[in-house]
Each structure stands twice: as structure tokens, then as C-alpha cells.
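1. I would like the atomic coordinates for the input below:
(4 chains)
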Protein chains: 4
Amino acid sequence: MSEARVRASFARQKFMATLGARLARVAPGEVDIEVAFDEKLTQQHGFVHAGVTTSIADSACGYAALTLMPEDAAVLSVEYKVNLLAPAVGRRLVARGRVKKAGRTLTVCTADVVAESDEGEKLVTTMLATMMTVRDRGSLKD
Amino acid sequence: MSEARVRASFARQKFMATLGARLARVAPGEVDIEVAFDEKLTQQHGFVHAGVTTSIADSACGYAALTLMPEDAAVLSVEYKVNLLAPAVGRRLVARGRVKKAGRTLTVCTADVVAESDEGEKLVTTMLATMMTVRDRGSLKD
Amino acid sequence: MSEARVRASFARQKFMATLGARLARVAPGEVDIEVAFDEKLTQQHGFVHAGVTTSIADSACGYAALTLMPEDAAVLSVEYKVNLLAPAVGRRLVARGRVKKAGRTLTVCTADVVAESDEGEKLVTTMLATMMTVRDRGSLKD
Amino acid sequence: MSEARVRASFARQKFMATLGARLARVAPGEVDIEVAFDEKLTQQHGFVHAGVTTSIADSACGYAALTLMPEDAAVLSVEYKVNLLAPAVGRRLVARGRVKKAGRTLTVCTADVVAESDEGEKLVTTMLATMMTVRDRGSLKD
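-> Next comes the predicted model:
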């Protein structure tokens, strides 16, 4: 599917706007999504909530998968697993979604989420996800 | 840990306020978190984003684990896996976090997330999560 | 699919014979598989290897899913996640696979694995798994 | 921990001998385990059972983690998730366990399992795993 279609679909994800997330990069099988640190995204210790890093990793994986799907397909998340490797603190988080194996029905992706700060880049979360190609299901597109 | 401490910790999770989530129930090993449907939480098809159901399931699991931890402990999410079983649509989502096995260092929890609508309650997401008891790590509390 | 078909398929899983595993129970959406403790199944500390508990949990989930599939279907494991909750020691392990959500293409299952000993039954492993219904793929049956 | 200790521990995993598995490579944070195709390892369609690829991936991850642990530590599997990407067929399977993030208590690893055949090497399974460093727990070693 074309980058333009992927970008238009991302723009319809109102939750990404709620997070302040931005689609930073789209290439075949690869999508990066960024979010700036904001107090409204934190958990009780002041770190970014695991649900936020998971959300941008999920969208990065889903859209990475969608780049390799046919034009009439829609993508749905089947399942994912994340490991929270370090507290998500810093200036900005970047989720890098990559297709590991694209199949006709199921596509397996990984995403690493790094936190950027003055000390450089630190890996904070990793995801292993399964995405589904959906076709001919009424109005579901992209 | 006391229900009052758990509720105070939840109140410090600014991301839960951003989602409009509410701590509905706290009991030993059991925590329910609710969120009303809101357009700002949706993905490209108009369903609630998987990251939202994951976020309330993660907090429900984490706080369910915290209820069984000692007073000087803090809880951190180690990892979780979710299956998205059906599109998250309806009036309200409820995540029910339950401790499956409480250990000294690690606690394993499950959460089912249901969507409430006029047709009743439908299971939309299930989580299997590992939480960690952290002690003596400086200012980390709850 | 009929219990007879499920039992015949299990009998073709030569790896289950290698483990000494036995199909203990088949009901719609529910399959139990047992394996007796044997030194040949152990890891370095003398516990049953996590791969063994995973193997019987995977087969229990797969066959639980197959019981709800049409007669011309085959089942394949898409993915699973397990938590190892306690060392697998005792006389016998029993994996109880249960369908949580049966879908047209994907079926989500859980399995708890318990260890039986003179002290009773102890939960040692839990699995959350995704199984796939495969049709019209040549010779793949059951 | 030294390679000699890791090799001695692997030699005590009787289940690896039952599978016919071999420790092919040990380096800091990296362990490869191989198993030759054998009918006794198959599921109902004649593919190698998912439990077998999981078993060698689990041991490869666990020993990769152990290489980075102190001499008095033992390693235990906390949890893992695998995706079965393609049927495990071919002459030989190789699981490549790699440490992604080593921590004081928890170490996160990945493993890719490839199948070797006359057509070359094919990725059949991928694992994301959490391993635990255990110390001062009686007789638990390696």
C-alpha cells in the first residue's frame, strides 16, 4: 500500500493525536512513530506509561505491516507482547516497527522503542506482534 | 498495600486522566479500571485503539499486584502479552485485573477487558502480564 | 470436529509419544494432556524442562481449538506465550487447554499446567495461545 | 559465567539429549543449539512440533543469559512468547539465542530458529524471552 494511504490512515487515528504522536518515517516494511515527553502521558513514578510506549509500538508495527499489504486490505492487530526494559524517560520516544515475516493472512513484526535524551538513545521497550490482513469486510479500509 | 494507597497511586497516573479512566474497584488481588468510549481514543476504523485497552489492562494488573505487596514496595510492569479478540466498540470498557500467582519478586496477573453496550458485555481483549515488586530503589513508591 | 478425529490426530503426534504424553480428556473446546515425570524430560536442576510443559500446553490448546473447527479443517499454532510460575516437579503434569474465543480464522486458547504430587495439585505454567484454522491447503488435515 | 560451566550445565539437561540437541556455540550473550530432524519430534502433519523449536529456543536464550551472569548464579525461565512463522521442516533446526538486555535480576533475550535444507536456511520460529538470575537459593546452580 502506498505511503500516502498509510499517512492518511495514521491521520485518522485520533488516539495518536491525543498522545501527540507523529508518523516520522514510512518505508516498505518499516514505520517509525515518535512522541514527545509530556506529563499527561505519565504513570505514578513520573515515567511515560507502558501503555503509551505500547500504543506507538502497536501503530508502528501495524503500519509497517500495512505497507506490504494490497491496496484493498485493512490491518488489524491480532496480538502482541512487550517487554519493558527500562523506565521510559527522556525528551522523546521513537518506536521503530519492522516486518519480520509477511504472510498472506498474518504478518509478524517487531518494534524497538528508544528514549532520546542528552545522553543519547536508550532502548526502553521491545514488542513482538502479529498483524492480520483483512479483506472484503465491508467498510474496513487501511 | 492498603486500598487508600492504591487509589492515591492511581490518582498520580496522569495518563489515566488523559484517557478518562476511573478506578472502579480495588480488592486484594483484584482491580477494575473503566474508561468511557471517546472519539479521542480511536484508531483508523473508529474502534478504541488497542493501546487504550492495553493501558487500562496494564494498570489494572499492576494495581491488582500492588494490593498484595508490602507497604514499602513499588510495582513495575516487566512484560505483558495481549490478544485483541474483537473490535473495542460500545459505551464503556472495563479491564478486570486479577493476580494469578503472587511471588516475592514477580507476580503474574491476567486481565480481561470487556466492552459494555446495549447488547450487554463482550470480551474484547485479554492480557497475561508479569509485574515486579521493587524495594529499596530510592524514591520509587507504590 | 469429532472426538475420534481429534484422538486419531493426537496419535499421529510422534513427539507426544516421545514425551510419554497421553490425551486424557476431549470435550468441545476442552482438551487435557498428561505426562508422567521422567528423568529424560528434565533440565539442569532436575525440574521438568519448560519446553515439555509448553509442548503439552500447546497440543492441549491446539486440540481444544480443533474440537470446534469444521471437519475439513487443520489446526496450526500461530503463537503462544507462557509464564513459568513454579518449578515443574511432582508425579505427573496435566495441561488443561481451553478455548477462550473461537473465531472463523483464529481461535484464542488458554492452558494451565498443574503438577500433581502427594501434596495435591500445584499450578506450574500458564499459556495464552493463538491457533489458526487452515482449510484447502492440500493434504493438511486435523 | 565461563563457557565450560555453561557446557557442563547443558550436558545436565537430559531433555536436550532426549531431543538429540547439541550445544553448537557459546559466546558472551550468544548461544546456538541445533537439533537434527527426527520423526520422533513431529506433530500430526509431519512437521517438527512447535514444542521442540520452543525447547531449543528456550535453552538457547537461558544459556545466552547465563553467560553474562556471575559465577554463583543459576538461571530460570520466567516467561517467553514464540511466533511460529513457517512449518519446521528440513534437515536440521538451529536456535540462536541472543541477550537483548541484561539486568541484575531479569535478562531479556531473543531467539530465531532457522530450518536448514538443500534450499538454504529459512526462519521458522522467533522467541522473545525473560530469564531470571537466581542467587542464594540453596542448591540451584547454573
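2. in chain A, which spans are strands?
-> A:21-27, A:30-36, A:74-84, A:92-102, A:106-117, A:120-134 (DSSP state E).
3. out of those strands, which is closest to chain B?
-> Among the strands of chain A, strand A:74-84 comes nearest to chain B, with 3.7 Å by CB to the nearest CB. Bear in mind the C-beta positions are built from the backbone N, C-alpha and C, glycine included.
4. mind checking pLDDT for the residue most central in space within chain A?
-> Geometric centre of chain A, nearest residue: A:Ala60, 2.2 Å, by CA atoms, centre = their mean. A:Ala60 carries a pLDDT value of 98.
5. next, the contact list for it, please.
-> Contact analysis of A:Ala60 by CB atoms under 8 Å, 6 or more residues apart in numbering or on different chains lists A:31-33, A:95-97, A:111.
6. closest one of these to chain C?
-> Of those, the one sitting nearest to chain C (CB to the nearest CB) turns out to be A:Ala111, at 15.7 Å.
7. on that earlier part again, winner for burial among the strands of chain A?
-> Most buried of the strands of chain A by mean neighbour count (mean count of other CB atoms under 10 Å in any protein chain shown) is strand A:74-84; its value is a mean of 25.
8. is chain B contacted by it?
-> Yes: judged by CB under 8 Å from any CB of the partner chain, strand A:74-84 and chain B are in contact via A:74, A:76-84.
9. identify the farthest-apart pair in the residues you listed.
-> A:Ala74 and A:Leu84 (29.2 Å; CB to CB).
10. that older thread, now distance to chain C and pLDDT too, for the contacts of A:Ala60, in JSON lines please.
-> Output for the contacts of A:Ala60, formatted as JSON lines (distance: CB to the nearest CB, whole Å; pLDDT from 0 to 100):
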{"residue": "A:Val31", "distance to chain C": "21", "pLDDT": "98"}
{"residue": "A:Asp32", "distance to chain C": "24", "pLDDT": "98"}
{"residue": "A:Ile33", "distance to chain C": "23", "pLDDT": "98"}
{"residue": "A:Ala95", "distance to chain C": "20", "pLDDT": "98"}
{"residue": "A:Arg96", "distance to chain C": "21", "pLDDT": "98"}
{"residue": "A:Gly97", "distance to chain C": "17", "pLDDT": "98"}
{"residue": "A:Ala111", "distance to chain C": "16", "pLDDT": "98"}
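11. what's the closest of those to chain D?
-> For the contacts of A:Ala60, with chain D as the reference and CB to the nearest CB as the criterion, the closest is A:Ala111, at 11.3 Å.
12. any regions of chain A where pLDDT drops low?
-> Along chain A, no part satisfies pLDDT under 70.
13. for it, what's the longest helix?
-> Ordering each helix of chain A by length in residues (DSSP state H) puts helix A:50-66 first.
14. only alpha carbons, please: show that one as CSV.
-> The C-alpha trace of helix A:50-66 is given here as CSV (Å, rounded to 0.1, in the frame of the first residue of the first chain):
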residue,chain,number,x,y,z
ALA,A,50,3.8,1.5,29.5
GLY,A,51,0.5,1.9,27.6
VAL,A,52,2.0,4.8,25.7
THR,A,53,5.1,3.0,24.5
THR,A,54,2.9,0.0,23.6
SER,A,55,0.5,2.3,21.7
ILE,A,56,3.1,3.8,19.4
ALA,A,57,4.8,0.4,19.0
ASP,A,58,1.5,-1.2,18.0
SER,A,59,0.7,1.5,15.5
ALA,A,60,4.3,1.3,14.1
CYS,A,61,4.0,-2.4,13.7
GLY,A,62,0.5,-2.2,12.2
TYR,A,63,1.5,0.4,9.6
ALA,A,64,4.8,-1.4,8.8
ALA,A,65,2.7,-4.4,8.0
LEU,A,66,0.2,-2.3,6.0
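15. buried sites along it?
-> Residues A:50-66 are the ones in helix A:50-66 that count as buried (16 or more other CB atoms under 10 Å in any protein chain shown).
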